[in-house]
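K.L.:
please find the sequence and the predicted model below.
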Amino acid sequence: MTKLLDQALEITRSLPSDAQDDIARIVLQLAGAEAATVILSDDERSAIAASKQAAARGEFATEAQVRATWR
């Protein structure tokens, strides 16, 4: 293990457990040992559900609305 990685892990030990888990996931992903995991908030889950329902109803943004968003 390099000195830099050892230093990073030592600092990580002093962080709250949720921050340690976030860092661990990133390290595992960079090492190729774990697929990327995205944890969604309740608000994000609701927004995705609403978007899927709107798409099922055929409600899509017009080209002008999309252009306005990108401006």
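P.N.:
Arrived safely, thanks for sending.
K.L.:
next secondary structure after the one helix or strand L9 maps to?
P.N.:
Assignment of secondary structure by DSSP states H and E places L9 within helix 3-12. Heading C-terminal from helix 3-12, the first helix or strand you meet, by DSSP H and E, is helix 17-30.
K.L.:
what angle sits between that following helix and helix 3-12?
P.N.:
In terms of direction (axes from the mean of the first three to the mean of the last three CA atoms, to 10 degrees), helix 17-30 departs from helix 3-12 by 150 degrees.
K.L.:
contact partners of helix 17-30?
P.N.:
T12, R13, L15, E34, A35, A36, T37 (CB atoms under 8 Å, 6 or more residues apart in numbering). For the C-beta atoms, the positions are set from N, CA and C on the backbone; glycine is no exception.
K.L.:
using PDB, write out every CA atom in it.
P.N.:
Only the C-alpha atoms of helix 17-30 are listed here, as PDB (Å, rounded to 0.1, in the frame of the first residue of the first chain):
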ATOM      1  CA  SER A  17     -19.800   5.800   9.200                       C
ATOM      2  CA  ASP A  18     -22.000   7.000   6.300                       C
ATOM      3  CA  ALA A  19     -19.000   9.000   4.800                       C
ATOM      4  CA  GLN A  20     -16.800   6.000   5.300                       C
ATOM      5  CA  ASP A  21     -19.200   3.800   3.400                       C
ATOM      6  CA  ASP A  22     -19.400   6.400   0.500                       C
ATOM      7  CA  ILE A  23     -15.600   6.400   0.300                       C
ATOM      8  CA  ALA A  24     -15.400   2.700   0.400                       C
ATOM      9  CA  ARG A  25     -17.900   2.400  -2.500                       C
ATOM     10  CA  ILE A  26     -15.800   4.800  -4.500                       C
ATOM     11  CA  VAL A  27     -12.600   2.900  -3.800                       C
ATOM     12  CA  LEU A  28     -14.300  -0.400  -4.700                       C
ATOM     13  CA  GLN A  29     -15.700   1.000  -7.900                       C
ATOM     14  CA  LEU A  30     -12.300   2.400  -8.900                       C
END
